[in-house]
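Engineer: Quick one, fold the following:
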Amino acid sequence: MGHYRYSRNIEASFIDFLKPLLQTDWGFDRAEKTFAEIYKIEIPSICIRVRDAIHSKVEVGSDATTREVPVLIDLFCENDGQKLDLKDYLIEKIKGGIPYYEYEIERGQVKNKVQNGRIRVLTIGETPIDFDTDKQNLDLHDRFKYLLNLTISLGRVEA
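Structural biologist: This is a model prediction of the structure:
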């Protein structure tokens, strides 16, 4: 059996945390990790993407580092009101952190997950996406988009 590494664990942890909340509070659970999947499904939906981390040395003479990871949450909404409400909702739910899981996989399928700490949300930036064109000329998925830029950490030293 294999295991997800750090970045994939973060993506999957966000998706597993958000799907049940979205289903209960919004009536949908469409949370994916690639744009390719998002454009195949209905809106509203969200896409979780992990970007390149920054590793900072903990002390002189050591290879140990701490890691800060940018996480992008793209919102694909039906209208401007839903876009604003959904981004505020997501910020409210994630700003206190979320459980971090480590996933065990077999033949591409998750077989087990074990909580091993919490994802700490260090910063949240909000970016409305405006393509500077008439919304009617855009793909349905691109008409009412919003981006949340997070910086996260597990708050641990890596050897």
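
Engineer: max-length strand in this protein?
Structural biologist: When the chain is parsed with DSSP state E, its longest strand is strand 109-128.

Engineer: which residue ranges form the strands in the protein?
Structural biologist: Listed in chain order, the strands of the chain (DSSP E) span 2-3, 31-32, 45-50, 54-57, 65-76, 98-106, 109-128, 145-153.

Engineer: Between the ones you listed, which one is closest to E11.
Structural biologist: Among the strands of the chain, the nearest to E11 by Cβ to Cβ is strand 45-50 (5.3 Å). To be clear about C-beta, it is placed using only N, CA and C from the backbone, and glycine gets the same treatment.

Engineer: In this protein, where is pLDDT below threshold?
Structural biologist: Along the chain, no part satisfies pLDDT under 70.

Engineer: Leaving out the residues flanking it, which one is nearest to the residue nearest the centre of it?
Structural biologist: In the chain, the centroid-proximal residue (Cα atoms, centre = their mean) is I48; its distance is 3.3 Å. Among residues not flanking I48 along the chain, F14 sits closest, at 4.6 Å (Cβ to Cβ, 6 or more residues apart in numbering).

Engineer: Show the contacting residues for that neighbour.
Structural biologist: Shown in contact with F14 (Cβ atoms under 8 Å, 6 or more residues apart in numbering): 31, 48, 71, 73, 94, 98, 119.

Engineer: For E32, see how far away R49 is.
Structural biologist: Distance of R49 to E32, computed by Cβ to Cβ, to the nearest Å: 10 Å.

Engineer: which of those two has more neighbours?
Structural biologist: Comparing R49 with E32 by other Cβ atoms under 10 Å, the one with more neighbours is E32, at 20 against 17.

Engineer: what pairs with the more buried one across the strands?
Structural biologist: Beta bridges link E32 to C47, judged by DSSP bridges.

Engineer: give the contact list for it.
Structural biologist: Contacts for E32 (Cβ under 8 Å, 6+ apart) come out as 15, 38, 41, 45-48.
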